[in-house]
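Undergrad: from the sequence below, what's the structure:
(one chain, ligands or ions: 1)
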Amino acid sequence: MKPKLLLHGGAGNFDKNTMSSDEYSIRLETMREALKIGYAILERGGNSLDATVETVVHLENSTYFNAGKSGALTWNGVAELDASLMDGATKNAGCVSNVTHIKNPILLAREILNSEHVFLTGFGAEEFALQRGVEFVSQNYFITEENLSDLERVKKANKVILGTVGAVALDIHGQLASSTSTGGIMNKRPGRVGDTPIIGAGTYADSTIGAISATGHGEYFIRSVAAFSIITRMQYLHEDINLATKEVLNQILSMGGTGGIIGITPLGDMTLEYTTPGMQRGFVDENEILVGIFEEME
Ligand code: ASP
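TA: Purely as a prediction, here's the structure:
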């Protein structure tokens, strides 16, 4: 099986006219780096779960993406982070929400996947992280010039800033996986949890059908059970992954929400769809590596 890896770095109100060419290039370059890290794992026969995790870790560590460092802040300026992942081979899943001191929430989600639980939240999740040796950082680590100025902007303009990072992969063994991580929606109420850590909403993987990672206005993605709806449309309506994804994004649009979705099938068919002005996204396979934010990918 030829391996393939897709990522997203969030769908949102990206503006072609105001984004500087430096910022545009850094965002594309960071996505290329993340794809190369994940693809190297797939090329040497590693599994899709590890590839998606390491891809997401690279994006979590960048200040240009809303996850890990520089994740979105609550209205009182705190980073409360969420993540989840699913292994399409075993259907095991790990989910974490509302952690405030974990450098890479996706790594904690993987520890949870390898435990007797599926979902841990807040204080209990951090206590578990301590036992598992997951890296802690102070809350200050997450507070950057970028997210502070975004918080101010959102408060003034009363608009929504979206984000999130995610990856889906097909490995040489034919297995699929999905990982998603986020700071949530900027200026959110403390304690608010979106779709990202919820299996079936922001993340899903079944190696016989597909792997999905979502980004967007989480309340709508939860209510439409977005990721799992795509899987069931493919399974029962026999829609291809792109059509199923468009249908679900259109349903969300008619409910009042926007966002984007990446997905891959066991045959390597893929989707990178969005209903926002842009979505940071890319993919890599044996032939090419392409990334983009607006229509064109390069
Ligand atoms: N889906 C994320 C959430 O609602 C945010 C995003 O993807 O922009 O928490």
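Undergrad: enumerate the residues of this structure near the ligand.
TA: With CB under 6 Å from any ligand atom as the criterion, the chain meets the ligand at residues 10, 162-164, 182, 184-185, 194-196, 202, 215-216, 218. (C-beta placed from N, C-alpha, C; glycine too.)
Undergrad: so which of these are in helices?
TA: Counting by DSSP state H, the residues of the chain next to the ligand place Gly218 in helices.
Undergrad: and the residues of the chain next to the ligand, which of them are in strands?
TA: Mapping the residues of the chain next to the ligand onto strands (DSSP state E) picks out 10, 182, 215-216.
Undergrad: could you pull out the helices in the protein for me?
TA: Under DSSP H, the chain gives helices at 21-43, 48-60, 105-113, 122-132, 145-157, 218-223, 226-236, 241-255.
Undergrad: near the spatially closest residue to Ile231 that is not a sequence neighbour, how many other residues are there?
TA: In space, and not counting its chain neighbours, Ile231 is closest to Ile209: 5.2 Å by CB to CB, 6 or more residues apart in numbering. For Ile209, the count of nearby residues is 21 (other CB atoms under 10 Å).
Undergrad: centre of the chain to the lowest-mean-pLDDT helix or strand in the chain, how far?
TA: The least trusted helix or strand in the chain, going by mean pLDDT, DSSP states H and E, turns out to be helix 145-157, with a mean of 89. Its chain's C-alpha centre and that of helix 145-157 lie 22 Å apart, by CA atoms, centre = their mean, to the nearest Å.
Undergrad: next one: stretch 284-297
TA: Remark: stretch 284-297 is offset 17 Å from the chain centroid, using CA atoms, centre = their mean.
Undergrad: burial count for the one residue in the stretch 51-200 of the chain that gets nearest to the ligand?
TA: Across the stretch 51-200 of the chain, the shortest distance to the ligand (CB to the nearest ligand atom) belongs to Gly194, at 2.4 Å. Around Gly194 sit 27 other residues, with neighbours defined as other CB under 10 Å.
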